[in-house]
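K.L.:
got a structure for you, letters missing:
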Ligand SMILES: NC(=O)c1ccc[n+]([C@@H]2O[C@H](COP(=O)([O-])OP(=O)(O)OC[C@H]3O[C@@H](n4cnc5c(N)ncnc54)[C@H](O)[C@@H]3O)[C@@H](O)[C@H]2O)c1
Ligand SMILES: N[C@@H](CCO)C(=O)O
C-alpha cells in the first residue's frame, strides 16, 4: 500500500552528489509501495525550454549547442552514478533519444510538451537505476500512463484506476513529475511547479497518508528567510493560510499543489533535502494549527477589474499563464491580481470583460489571524508612510491585507515590517529540564519574568523534566501550581517521548532551559536544535564537549538562526560572558584570565581554618546548593576545568578538557565509587586538606584553588589546581563563595579588569538563567 509520496525538485537532483543524498533519504524514509516523484535535474527544464525556443527560431547552431549541453550533463550523471551494464544501457537510451530529438528538430516535427518531458524521464530513470544498484527494489513510471486529461481537465476516476493498476505495492515507485497525457495519448505538462502538483495528485489517487515535498528551503517561513534573517519557520500551517500565501506571492507552495488535498486527511510536509535533520513545516487541515502571521512581497503586477469572474475563469487563466491567481471584491468591483508579464494574455482571454485598473505595481501582503487584521492594517500603512511609501491601492479582507505600491518592498523595509507586524504577539514555548536547587527557584521567579516580557511575546511553560518523570502540556502548565500538577500528572520520562512532544508543538519559538547536571541530557542538544529549539544551559557538559561535537552543534545552531545562551555555566549570575563578549566586540584582545571560578571551592577554602573538619564543610556547601549534585565534581577540579574551557572557547581558543592541566583538591582514590563510598572514606580528604593547609601556612600563605588561562602568540597555558597564596594576596581575603576573574587584555594590561561576586548559589544562578531568557527574547524581537 502506498503510504507516502516523496517529491524531489530540480535543486535536490542538480548533481551526482545530490542524487546520492536523495537516495540516502529514500533509503531512510520510504517503504515498499511508496512513490518518489521527481522533477528534471537542476536547470534541465529551463534548458529544454531554450531548446524549444531555438527550434521555433530555427537556430540550428544554438539547437546543436543545447543538445550537446544536455548530453554532457546527462552523461556526467550517468557516469558518476551507474555502473557496468546499467550504465551502458542508460547511455545507449540517452543517445537514441537525443538522436530522435535532433531528427525531429531537423524535420520540423518537434512537439513542445514531448520535448520538455525528457527532463523528468531522464531524472526518474537515472534515480531508479541508481536505487537498483543500491539493492533497492525500485521501478520507474512514466506519469503519462498514470495521469490523463481531457480538454485540460484531469480524469480523476480513470487516473485513480490507472494508479491502482500500475503502482507496485512491493517496490519503490519512481514517478516522473510534471507530465501527463491527453486522451489521444499526446504529452501534456502540468505547468511550472507541476511536479509538486503531480505528487499531491498521486497522493489523492493512491489514498496516501502523507506527501513530503523535499526542497531547498527548510519549510514555510513567516517571510522570505533570504531577505529577513529573523524570519520564523513555522512547524504547522493550516491549509487555508497556505492557500492564501500561495496566491499572494509565497513561492514555496502553489495553490494548485494544495487542491488535490481538499476534503482529504492527507498531510503535506515541506522539508529540506539539503538538511535532512531539520524539522519540516506541516500543512494541516483547517483547525489543526493556530493561525500564523506572514508577510509576502509582490513585484510587477497589474490589477484588473473583471466582470462576472467565475471559478472556472480562475482555473482556466491560472492554467493558461501557469501562475496562482488572487481575486477579491471591493466596492462592488471584482479585482484580479495578475503578473504584469501575463496581463496581455489574461485580457485577451476575458474578451472585453477585463480592464486594467492599476498597472506596474509592487507591494506586500500581510496574512494574519482575523482578529489582528484591522490593527495590523493601520500599523502597516503607517510604517510604509514613515518610509515615504504611499500605497497606491489597499485592500483589507478576511485574514489578509494587500498593500500595492509604486516602490518595490526591498529587504530593509521588509525586515522593518516583519519586526513590527509579524514579530509581535508570538508565542514562546519553554521546556525546563532539571528541577533541583536552581531549577525550582527559576520556576518560582518565572511568572514575574513572563509578565515583564509579555509586551512582545507570550511565554508559556509547556514542559517540566526530571530525570525519571516529565510533565508536558502544549497549552501551558500553571506556573504557580506546577508542583502539585507534576505530582499528579507527570508521566515516565523517556528521551523519545520528550522529543516527540517537542516536535508536535505549534509555537513560533521553542526554548529548552537545561538546569540539569546531566551529560546524557546535554547529548540531546543536536536533536533539540534539529527541532528548531533555542537553548539555555546552566549545565556545562555541552559547552565542554569534545571540539568536533561542540563545533557541529554551534554550526547547526547558527545555520538555523537559533540562540544558545549559557552565561551561568561560568560564574553563576556574574556577567562574565557578557564582559568577555563586549571586550572582544570593541576590538580588545584578552591575553589572560586568572582567578577562582568555583563557588564551592572558594567557600570551602575561605571557610577552612581547621576549626571545622573539611568534609563537614563540604556537606554544608552541598546543603546550601553550591556544589554539583556530586560534590566530587567540584573537589576534583573538574567543574572548574570545565569553566576554564568554556571561557577559552568564548575567546576563540580551540581546546579540549584534557588540554587543561588539573590537580585535584582531594586524593585521587576518592574519585572512585559512590557518594556513600566517599563518605565512608572522608577522613582521607580531611588529612589531605590538613596537610596542604600546613604547607601553605609554612609559606605564610593560605590554601586556595585557582585557574589560569594565558593566551600568548604561540602558546596557550590552561590549568586549574591547588595554590598557596600569600596572606596579602587579593585571593586570600576573598569572601567565602565569591568567584574572582582577573582579566588582562590589550587595554587592561597593567591594571586588570576584575569581576568578583558570588559564583554559586541557587538564587543568583536562577536569576542568571532568567537573564539568559531575557536576552534570548531580546534577540528574537
Ligand atoms: N548550584 C549552583 O550554584 C549552580 C551555578 C551555576 C550553574 N549550575 C549548574 O546548574 C545545573 C543544576 O544545578 P543544581 O544545583 O540545581 O543541581 P541539582 O542536582 O540540585 O539539580 C539538578 C536536577 O536535574 C535533574 N536531572 C538530572 N538528570 C536529568 C535528566 N537527564 N533529565 C532531566 N533532569 C535531570 C535532577 O533530578 C535534579 O533535580 C548544574 O549543571 C550546575 O552545574 C549550578
Ligand atoms: N558547583 C559550582 C556551581 C556553579 O557552577 C560551583 O560551586 O561553582
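P.N.:
Thanks, I have it. Everything quoted here is computed from the prediction, not taken from an experiment. Ligands and ions are numbered 1, 2, ... in the order given.
K.L.:
can you tell me the residue of the stretch 101-250 of the chain closest to ligand 2?
P.N.:
Here the stretch 101-250 of the chain gets closest to ligand 2 at one residue, residue 230, 31.9 Å apart by C-beta to the nearest ligand atom. All C-beta atoms are positioned from the backbone trio N, CA, C, and that covers glycine.
K.L.:
And this protein, split by domain according to the record?
P.N.:
Per the record, the chain has its domains at 4-216, 294-422, 426-572+769-780, 576-759, by automatic domain parsing.
K.L.:
Could I get the phi/psi values of the closest residue to ligand 2 within the stretch 401-550 of the chain?
P.N.:
Nearest to ligand 2 in the stretch 401-550 of the chain, going by C-beta to the nearest ligand atom, is residue 540, at a distance of 7.0 Å. Backbone geometry at residue 540, expressed as degrees, to the nearest 10, gives phi -100, psi 0.
K.L.:
Please apply the same query to the one 5 residues further on.
P.N.:
Per-residue torsions, residue 545: phi -70, psi 160 (degrees, to the nearest 10).
K.L.:
List the contacts of it.
P.N.:
Listed by C-beta atoms under 8 Å, 6 or more residues apart in numbering, the contact set of residue 545 reads 522, 553.
K.L.:
So it versus residue 656, what's the distance?
P.N.:
Distance, residue 545 to residue 656, by C-beta to C-beta, to the nearest Å: 9 Å.
K.L.:
Kindly report the same for residue 732.
P.N.:
32 Å.
K.L.:
again with residue 146
P.N.:
56 Å.
K.L.:
okay, those two: which has more neighbours?
P.N.:
Between residue 146 and residue 656, counted using other C-beta atoms under 10 Å, the more crowded position is residue 146 (27 against 14).
K.L.:
In contact with that one, which residues?
P.N.:
159, 162-163, 166-167, 175, 180, 202, 205.
K.L.:
Now intersect the residues you listed with the helices, please.
P.N.:
For these, the ones inside helices are 159, 162-163, 166, 202, 205, with DSSP state H as the criterion.
K.L.:
Highest neighbour count among those?
P.N.:
residue 202 (27 neighbours).
K.L.:
how much space between that one and residue 443?
P.N.:
49 Å.
K.L.:
wait, what's in contact with the closest residue to residue 247 other than its chain neighbours?
P.N.:
Excluding its sequence neighbours, the residue lying closest to residue 247 (C-beta to C-beta, 6 or more residues apart in numbering) is residue 326, at 3.9 Å. Counting by C-beta under 8 Å, 6+ apart, residue 326 touches 247-248, 336-337, 402.
K.L.:
now do 7 Å
P.N.:
Taking C-beta atoms under 7 Å, 6 or more residues apart in numbering, we find residue 326 in contact with 247-248, 337.
K.L.:
Can you identify each of the strands in the stretch 1-150 of the chain by residue range?
P.N.:
4-8, 35-38, 138-141, 148-150 (DSSP state E, counting those that start in this stretch).
K.L.:
Point out the most buried one among those.
P.N.:
strand 35-38 (a mean of 30; mean count of other C-beta atoms under 10 Å).
K.L.:
Describe which strands it pairs with in its sheet and in which direction.
P.N.:
strand 4-8 (parallel), strand 172-176 (parallel) (DSSP bridges).
K.L.:
Among those strands, which comes closest to ligand 1?
P.N.:
Here strand 4-8 is closest among the strands paired with strand 35-38 (C-beta to the nearest ligand atom), at 33.2 Å.
K.L.:
So which residues make contact with the closest one?
P.N.:
Strand 4-8 has contacts (C-beta under 7 Å, 6+ apart) with 22, 26, 29-30, 34-39, 177, 195-196, 199, 202-203, 208-214, 273.
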